[in-house]
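S.K.: Give me coordinates for this.
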Amino acid sequence: MTATHHRRPLSLPAVHPCKSIYPATLLTALITLSQTIITFQPNSFPTQKRNTRETKRQIQILLIFFQQLQSHNSHILKQTIPIFSELYFTLQKIHFLFQDCSLKTTRLWFLVKSQFIATQFHLLTHSVLESLDALPLHLIDVCDEEVKEVIQLLIKQKRKNNLQLDHNDEREAKRVDIILNQFEKGIEPEIDSIKQVLNYVQIKTWFDCNEEIKFLQDELQNQNQEKELVHLLSGLIGFLCYCRVVIFETLDFQLLNHNNGSQFGSSIEKIISVTPDDYRCPISLELMLDPVTVSTGQTYNRTSIQKWFEAGNMTCPKTGERLISTEFFPNTALKNLIQQFCYDNGISILSLTTKPHSVTAPTVSPGSSAAAHAIQFASWSLARRLVFGTDEQKNKAAYEIRLLAKSNVFNTACLVENGTVPPLLDLVLTSTMQENAISALLKLSKHSNGREVIMESRGLKTIVKVLNRGYSLEARRVAGGIIFYLTSVKEYRKLIGENSEAVSGLVKLIKEGTIRGKKSAVDAIFGLLLLAKNHSKVLASGVVPVIISVLASSDKRYVVNDCLAVLVALAESVEGSRAVLECSGFGLVVRIWQSATLRAEKEYCVSILSSLCVNIGVEVVDVLAKNASVVMPLLYSLLTDGTPQAEKKARRLINVLQEFDEKRTLGMVGSSVMQQRLLQLN
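M.R.: Here you go, the predicted structure:
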């Protein structure tokens, strides 16, 4: 059978055979296609059983007719070739429709769309009969008159084509409508009624349910924001999320890990799953190909935030703060980082840009009242299970929170409001549940309310314990990520900075963690440095030699860039500059600058060197001046390619180096005038 995963269900992209096709070739193709259609088994179709059965019956008669023509070497008249071509075109569409109706990921959607699909069957079979009616059977050489009679009988049935909506499909589709209406009104449906629908469409396991959700989420992104369709799809997603949480109690994590490593997810999904969280748009949850920053300092993909503003919103989607204006500015440094990340990981930018994106309100709001109430009921159930459930139920609940919070911002807010954070904090020190519990907290910490509850629940101490003594490097990495999100709040930076174990734990993670772990820790350190009072504490932790070590050994540009950003902040003080110099950081920064391809890296290097010149003085300027043949071209390049701030620093540094060279000739390098020029670099 033709693979279906490259097209959207119900798209039916049939093509006509070329006009010059040989009749024998066309006949063989008709036979092959007919045989393929009738091989579909009745149990392949949870819905449309009656229509698929009747359609197969008609095609079986057609197959006999085609085979008769072939076995008797019957001559196909020239005037009949267009008719046979049209038959082939229609049979292709029927084949696609059969494929779609047998998919395991579209069952609930196809039940809801059953009237539309039944109409498609009716139209396609009618088209087949129209083509047969146009055939001059009296001129076609078929020895078996019985076959002709059956075909003629089939044609006579054209006017009373009895393909219509199956009564069972109609009944269960109405049941789904009732369930969605109950959710809409804030009424929790009866479990037996839900199970009846799930059984009818053969959604039998947690994995079946999860695959249906993935399909509906993709379908939602493919819509052009037709309000009714978005409302329906959002409701169905909420309904199935509720089912995944409440109905399917059992989840085999070993099977889950096996499936995630093999059949689950498209290549794009796998790409997104390994993407650093900071490279994802908070609205679309996908890789930002054109990041822009709004007045609150938050960054989004350009198309996502534009649609957010076009919908009349005047708040920051991530923080909820009211925006001063709807202006935004390109985040070129981040864009360069993302492009480098894609290059380092073999990700094709083209494959991401050609993937359809249509992200608006449903990713930052529930999309419908039915979805909102379904998620609220699910969140309440998860909170109860985290407290009163068995260990297996608690672990599964933590995993469900990870999935729900990943889907959209509304889900995250709902989970926080329903009290899932405190019990998750109680679970993170349990070895069997740590990974899911800490990962769930990471997702919730991305929401401002989640960060607030973590701190109010005295969760910092628990997170720091996982950071230092987690049962796996991954758990420690995630703990570092939570601390990074906590540092986005000014008051929390102070509290975290006062926790010596938090700072030392981050430094330890930079030493011992995976590449992603190092990045999480470096980002958290950078967040702490946004508060000036933390600089001395971070320096005292011995972070500079560790950062220098990572810079010297890492080939991952996104890690190098973040490490340089930390050094920029630390080198602003005299103590920080001395620490960089003592660790041979000066020469390393110059070497990185020489090989840098990203503008952000070049600008960071200039900032570090400027700080070293100001804080250390003449001895640094002397080394730079002696290497003027290397340094000057790099500085001049920033005059044309750098940001206004970088251009300003580069121009001042050029002037200082030129003046230093003149003063050295005159023996005046230690003069107060020279020192004053160095201070002007700031």
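S.K.: tell me the contacts of residue 497?
M.R.: Residues in contact with residue 497 (C-beta atoms under 8 Å, 6 or more residues apart in numbering) are 503, 528, 531, 533, 534, 537, 538. Quick note: C-beta positions are derived from backbone N, CA and C, even for glycine.
S.K.: between those residues, which is closest to residue 234?
M.R.: Nearest to residue 234, judged by C-beta to C-beta, of the contacts of residue 497 is residue 528 at 39.0 Å.
S.K.: other SSEs contacting the helix or strand hosting the closest one?
M.R.: Per DSSP states H and E, residue 528 falls inside helix 515-529. Packing partners of helix 515-529 (3 or more C-beta pairs under 8 Å, 6 or more residues apart in numbering; DSSP states H and E): helix 473-486, helix 490-497, helix 500-512, helix 535-540, helix 543-553, helix 557-570.
S.K.: Can you say which of the ones you listed is packed in most?
M.R.: Comparing those by mean neighbour count (mean count of other C-beta atoms under 10 Å), helix 473-486 comes out on top with a mean of 26.
S.K.: and that helix, C-alpha only, in CSV?
M.R.: Provided in CSV are the C-alpha atoms of helix 473-486 (Å, rounded to 0.1, in the frame of the first residue of the first chain):
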residue,chain,number,x,y,z
LEU,A,473,22.9,13.5,35.4
GLU,A,474,19.6,14.1,33.5
ALA,A,475,17.8,14.8,36.8
ARG,A,476,20.6,17.2,37.8
ARG,A,477,20.4,18.9,34.4
VAL,A,478,16.7,19.4,34.8
ALA,A,479,17.2,20.9,38.3
GLY,A,480,19.6,23.3,36.8
GLY,A,481,17.0,24.3,34.2
ILE,A,482,14.5,25.0,37.0
ILE,A,483,17.0,27.2,38.8
PHE,A,484,17.5,29.1,35.5
TYR,A,485,13.8,29.8,35.2
LEU,A,486,13.6,30.9,38.9
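S.K.: okay, which residue is most central for the chain?
M.R.: By C-alpha atoms, centre = their mean, the chain has its centre lying nearest to residue 286, at 3.9 Å.
S.K.: ok, that residue to residue 403 distance?
M.R.: Distance of residue 286 to residue 403, given as C-beta to C-beta, to the nearest Å: 16 Å.
S.K.: Next: residue 620.
M.R.: 52 Å.
S.K.: swap in residue 548?
M.R.: Using C-beta to C-beta, residue 548 is found at 39 Å from residue 403.
S.K.: again, but for residue 472
M.R.: Distance from residue 472 to residue 403, by C-beta to C-beta: 20 Å.
S.K.: ok, now residue 454?
M.R.: Distance from residue 454 to residue 403, counting by C-beta to C-beta: 20 Å.
S.K.: of these two, who's got more company?
M.R.: A count of neighbours by other C-beta atoms under 10 Å puts residue 454 above the other of residue 454 and residue 403, at 25 against 16.
S.K.: check contacts around that one.
M.R.: The contact partners of residue 454, taken as C-beta under 8 Å, 6+ apart, are 421, 425, 441, 444, 445, 460, 463, 482, 486.
S.K.: Need the phi and psi values for it.
M.R.: With angles defined as degrees, to the nearest 10, residue 454 sits at phi -60, psi -50.
S.K.: Can you check the pLDDT for it?
M.R.: Looking at residue 454, its pLDDT stands at 97.
S.K.: Then residue 148?
M.R.: Reading off the confidence values, residue 148 has pLDDT 70.
S.K.: which secondary element of this structure has the worst mean pLDDT?
M.R.: helix 267-273 (a mean of 35; mean pLDDT, DSSP states H and E).
S.K.: helix or strand right after it?
M.R.: strand 291-293.
S.K.: just to revisit the earlier point, which of the contacts of residue 454 fall in strands?
M.R.: Counting by DSSP state E, no part of those is found in strands.
S.K.: ok, which pair from those is furthest apart?
M.R.: The largest separation in these, counting by C-beta to C-beta, is between 444 and 460 at 14.4 Å.
S.K.: more neighbours, the two?
M.R.: Applying other C-beta under 10 Å to residue 444 and residue 460 shows that residue 444 carries more neighbours, namely 25 against 19.
S.K.: Break down the chain into its strands, ranges please.
M.R.: Using DSSP E, strands in the chain cover 291-293, 299-301, 329-330.
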